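[1] what follows is a protein structure lacking sequence information:
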């Protein structure tokens, strides 16, 4: 089975082959380097006139990409580390996300910005952050995050070729070398997928342990944290007899709350899990939307996230700062003990 990295690389190659308007911009994306995490490997050799290496200027790269999109191209911008997407915030929030509305729907900006996020690699405080929450809720822009479930290749391919508005595509670093888990590889689970009618299609997933009693807890997680939550799901059931359902969204923004609401209608207990910091994060919005919709039917809820401090460079300290399987299990036990 392919890894997530191989799936994303295949998506880029397919998109380049399918549409000559697809352009790639980014730092060190040319072969033989092929990007810091090798996602763009092979593209510059096959399409040298459509792959452009750039100076270290995130604002400039995204600004050029937005201009290309306005002229009818379908640019893909790679930001080498997601920590530096902040330098392009003006281009994204005040320009790319607004042009469609500012020009009375006469302009579209089909721009995809790919960037790796997350820690656990020992890269230190400026190259290990999870900052996508800064862009959640921006009108006119979507935020997508693949996981090991489903089809990361199709997710990126469709984002490149079908979107008419900017897409921020979040790739957790630790996902790259993980194998893509198709339904046939998940014999212990029952897997359901849901997909709204928004473009590009971004299916979400709901996991239960096959043959287990009805769940009493809803876990909500995305990206690499969904992989850790899946591990916790099994241990909660087999060791603690706590049966949970895991809801994994792919479209983080605009938030699509229905899968969470469907699960909570049965469980009444919610645990959100994210690698970013707790305050004003993705979990806060999920909890707020579910609380508004369910009222007293949401009996208890808890948010689990990283500690409110810069990510340490020390391996043991970094591990202590970020939520892991043990923290998920403990939070689930605390939430269901009452």
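    Cool, the structure landed. What you see is a predicted model; the values in this text were computed from it and never measured. Numbers count the residues shown, from 1 in each chain.
[2] in the helix or strand of the chain with the lowest mean pLDDT, what counts as buried?
    For the chain, the helix or strand with the lowest mean confidence is strand 189-194, at a mean of 93 (criterion: mean pLDDT, DSSP states H and E). Under the neighbour-count criterion of 16 or more other Cβ atoms under 10 Å, strand 189-194 has 189, 191 buried. All C-beta spots, glycine's among them, are computed from the backbone N, C-alpha and C.
[3] quick one: contacts of it?
    149-150, 183, 203-210, 230, 258-259 (Cβ atoms under 8 Å, 6 or more residues apart in numbering).
[4] go through those and name the one nearest residue 133.
    Lowest distance from residue 133 to those (Cβ to Cβ) belongs to residue 204, with 18.2 Å.
[5] surely that closest one is in contact with residue 256?
    Yes - contact criterion Cβ atoms under 8 Å: residue 204 and residue 256 qualify, at 7.1 Å.
[6] the two - which one has more neighbours?
    residue 204 (22 against 18; other Cβ atoms under 10 Å).
[7] residue contacts, the closest residue to that one other than its chain neighbours?
    In space, and not counting its chain neighbours, residue 204 is closest to residue 249: 4.5 Å by Cβ to Cβ, 6 or more residues apart in numbering. Shown in contact with residue 249 (Cβ under 8 Å, 6+ apart): 145, 204, 220, 222, 255-256, 259.
[8] repeat that for residue 203.
    With Cβ under 8 Å, 6+ apart as the criterion, the residues that contact residue 203 are 150, 155, 193-195, 250.
[9] for the stretch 201-338 of the chain, which segments count as helices?
    Using DSSP state H, counting those that start in this stretch, the helices found in the stretch 201-338 of the chain span residues 223-240, 258-267, 282-294, 315-321, 325-337.
[10] kindly apply the preceding question to the stretch 1-150 of the chain instead.
    Taking DSSP H, counting those that start in this stretch as the criterion, the stretch 1-150 of the chain carries its helices at 4-18, 43-46, 58-70, 89, 99-102.
[11] any chance of the ones you listed in TSV, plus distance to residue 170, mean neighbour count and mean pLDDT?
    As requested, the helices of the stretch 1-150 of the chain are exported to TSV (distance: least, Cβ to Cβ, whole Å; neighbours: other Cβ atoms under 10 Å; pLDDT from 0 to 100):
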stretch	distance to residue 170	mean neighbour count	mean pLDDT
helix 4-18	12	21	98
helix 43-46	20	17	98
helix 58-70	15	21	98
helix 89	15	16	97
helix 99-102	22	15	95
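[12] of all these, which lies closest to residue 132?
    That would be helix 89 among the helices of the stretch 1-150 of the chain, by Cβ to Cβ, at 12.1 Å.
[13] what about residue 20, distance to residue 126?
    Shown here: residue 20 relative to residue 126, a distance of 37 Å by Cβ to Cβ, to the nearest Å.
[14] hmm, I typed the wrong one, I wanted residue 255.
    Using Cβ to Cβ, residue 255 is found at 28 Å from residue 126.
[15] mind giving me the domain ranges of this protein?
    The chain breaks down by automatic domain parsing into domains covering 4-175, 186-337.
[16] which of those domains sits most buried?
    Burial among the domains of the chain, expressed as mean neighbours by mean count of other Cβ atoms under 10 Å, is greatest for domain 4-175, which shows a mean of 20.
[17] straight-line length of it, end to end?
    6 Å (Cα to Cα, to the nearest Å).
[18] surely residue 157 touches residue 11?
    Yes - assessed by Cβ under 8 Å, residue 157 is found in contact with residue 11 at 4.3 Å.
[19] now do the strands in the stretch 1-150 of the chain.
    22-26, 51-53, 74-78, 112-117, 142-144 (DSSP state E, counting those that start in this stretch).
[20] report the rounded mean pLDDT for the first one.
    What that stands for is strand 22-26. Per-residue pLDDT over strand 22-26 has a mean of 98.
[21] what is it packed up against?
    helix 4-18, strand 51-53, helix 58-70, strand 74-78 (3 or more Cβ pairs under 8 Å, 6 or more residues apart in numbering; DSSP states H and E).
[22] turn the ones you listed into JSON lines, including distance to residue 104.
    Shown next, in JSON lines, are the helices and strands packed on strand 22-26 (distance: least, Cβ to Cβ, whole Å):
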{"stretch": "helix 4-18", "distance to residue 104": "29"}
{"stretch": "strand 51-53", "distance to residue 104": "31"}
{"stretch": "helix 58-70", "distance to residue 104": "14"}
{"stretch": "strand 74-78", "distance to residue 104": "22"}
